[in-house]
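Asks: fold the following and give me the result.
(chains A and B)
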Amino acid sequence: MASVALSEAEKVYIVHGVQEDLRVDGRGCDDYRCVEVETDVVSNTSGSARVKMGHTDILVGVKAEMGTPKLEKPNEGYLEFFVDCSANATPEFEGRGGDDLGTEIANTLYRIFNNKSSVDLKSLCVSPREHCWILYVDVLLLECGGNLFDAISIAVKAALFNTRIPRVRVLEDEEGSKDIELSDDPYDCIRLSVENVPCIVTLCKIGYRHVVDATLQEEACSLASLLVSVTSKGVVTCMRKVGKGSLDPESIFEMMETGKRVGKVLHTSLQSILHKEESLGPKRQKVGFLG
Amino acid sequence: MAGLELLSDQGYRVDGRRAGELRKIQARMGVFAQADGSAYIEQGNTKALAVIRGSRARALPDRALVNCQYSSATFSTGERKRRPHGDRKSFEMGLQLRQTFEAAILTQLHPRSQIDIYVQVLQADGGTYAACVNAAMLAVLDAGIPMQDFVCACSAGFVDGTALADLSHVEEAAGGPQLALALLPASGQIALLEMDARLHEDHLEQVLEAAARAARDVHTLLDRVVRQH
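Replies: Modelled structure (predicted):
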């Protein structure tokens, strides 16, 4: 992961500040940075979203393609994740340098979506055992300013909300061979329900307290972090500890409680932003990277 | 693609432009605060981002080393791409960008250092090389690296006896000749010239002229963007 070189004095400053619930930029331990979310940024995808959280910039594109369902789940479609750590973020990601981090993030995304309730996969099935929709979720990491997992999960949720899958009909003729017909109207599409899509909250342990949404400098001071994936109802779908240091069980419980609380607030604000953007309709001004 | 005319009888192209008309260009410099220089450009539906990082210590004793990487997002094209970079086309584009910028950047002023140019294509709708060069040029200016002159690039093609400027994906896919040109406008020097497919020698001048004119138009637009920044 991109790292920044900090002197001892700076580390001590950050750690002492966190003990007093005061971070370098004035936030409290449970506050997120200002998050900017915009959907429908790339037009030749089925859905896309861009999330900017401080210096972290993520772009997610979702492409829906027809394919055959997996053998063990013939009635469902599925999601495929791919994370590309672009060399824009740090020069270390040039060539194959970003592959390790990319695989790690992709595996985490697979795990948090690996349950029955996150996304309604049955709605992605077109005809059992033969055709289904496969959603390729591609994450592009443009700039790394700390707290990647949270930003990526917010962007994935926004992109899935924005995804429009064309409605298809299966026509059967006399011999039994099936034909797929795409509806003529480009606006006739099915949308996914993202009510239960989880978001990741990363809690970094600094000194005796833990902080939410750490910047690069704060991540350099923390030895261990806990990744909690929370849905809007407060249900935890996945939990993972990362980092070189160790955590004791009580602090894990405390961090999980904070994670659930912060996660619920995050979901409500994200839903309200997405609905507000949606209500502006097709006439809204698309800013993208130009603003 | 039966029935799709690239140039209609009235002189209009598929997207309604005239033969020598460019697509709408919007650009912004200084998109990312953490990089030394960055820029974003939209040429019609083609969107490209460029980031500059310099100057790390390197071996060349008399001039700077320019290193370019071209990467296009997996969702950028109509068909999903498997690998964003590392394939032959990206490698070749990287080399072409490097050649273009070595001609334009005053490398003698930064000996023993390396300038990294990373270009990311977010959406590809034709003219990706041109968009990349224009974005990278704005990023180099944003980083404050001294350049000999602006570098402006544009693509051109040839259909039915007329030269078309700034090709979109539909026009490129039709299989006609395509020319990519990178120009230094003040001196009129050409930094890179590349052409695919067969073109009769008599027509070359016309196509080259169209591309050069389009590149100068791009220069006017980008100049305005830089002055506003």
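
Asks: how about the strands of the stretch 151-291 of chain A, start to end?
Replies: With strands called from DSSP state E, counting those that start in this stretch, the stretch 151-291 of chain A shows them at A:164-166, A:168-172, A:178-182, A:189-191, A:199-206, A:209-212, A:224-230, A:236-243.

Asks: list the buried residues for the second one?
Replies: Counting neighbours by 16 or more other C-beta atoms under 10 Å in any protein chain shown, one finds that the buried residues in strand A:168-172 are A:V168. (Glycine included, C-beta is placed from N, CA and C.)

Asks: nearest to chain A within chain B, name that residue for me.
Replies: Across chain B, no residue is closer to chain A than B:F75, which sits at 3.1 Å (C-beta to the nearest C-beta).

Asks: what sits against that residue?
Replies: A:42, A:44-45, A:48, A:61-63, A:136, A:138 (C-beta atoms under 8 Å, 6 or more residues apart in numbering or on different chains).

Asks: quick one: pLDDT of the most centrally placed residue in chain B?
Replies: Centroid-nearest residue in chain B, with C-alpha atoms, centre = their mean: B:A130, separated by 1.7 Å. Taken from the predicted model, the pLDDT recorded for B:A130 is 91.

Asks: so which helix or strand takes in it?
Replies: helix B:128-143 (DSSP states H and E).

Asks: follow-up on the earlier one: adding mean pLDDT and distance to chain B as columns, could you present the strands of the stretch 151-291 of chain A in JSON lines?
Replies: Listed next are the strands of the stretch 151-291 of chain A as JSON lines, based on pLDDT from 0 to 100; distance: least, C-beta to the nearest C-beta, whole Å:
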{"stretch": "strand A:164-166", "mean pLDDT": "86", "distance to chain B": "14"}
{"stretch": "strand A:168-172", "mean pLDDT": "79", "distance to chain B": "18"}
{"stretch": "strand A:178-182", "mean pLDDT": "72", "distance to chain B": "15"}
{"stretch": "strand A:189-191", "mean pLDDT": "83", "distance to chain B": "17"}
{"stretch": "strand A:199-206", "mean pLDDT": "91", "distance to chain B": "20"}
{"stretch": "strand A:209-212", "mean pLDDT": "89", "distance to chain B": "21"}
{"stretch": "strand A:224-230", "mean pLDDT": "91", "distance to chain B": "21"}
{"stretch": "strand A:236-243", "mean pLDDT": "89", "distance to chain B": "23"}
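
Asks: secondary structure element holding residue 71?
Replies: The chain I'm using is chain A. Judged by DSSP H and E, A:L71 forms part of no helix or strand.

Asks: that's the wrong chain, I meant chain B
Replies: Taking DSSP H and E as the criterion, B:S71 maps to strand B:65-72.

Asks: and the angle for that strand with helix B:128-143?
Replies: Compare the direction of strand B:65-72 with that of helix B:128-143 by axes from the mean of the first three to the mean of the last three C-alpha atoms, to 10 degrees and you get 130 degrees.

Asks: how far is the longest helix along chain B from where the chain is centred?
Replies: Scanning chain B for the longest helix, with DSSP state H as the assignment, gives helix B:201-228. If you compare the mean C-alpha spot of helix B:201-228 with that of the full chain, they lie 11 Å apart, counting by C-alpha atoms, centre = their mean, to the nearest Å.

Asks: now swap in stretch B:117-131 and tell me
Replies: Average the C-alpha atoms of stretch B:117-131, do the same for its chain, and the two points are 7 Å apart (C-alpha atoms, centre = their mean).

Asks: surely B:R98 touches B:C68?
Replies: Yes - assessed by C-beta atoms under 8 Å, B:R98 is found in contact with B:C68 at 4.4 Å.
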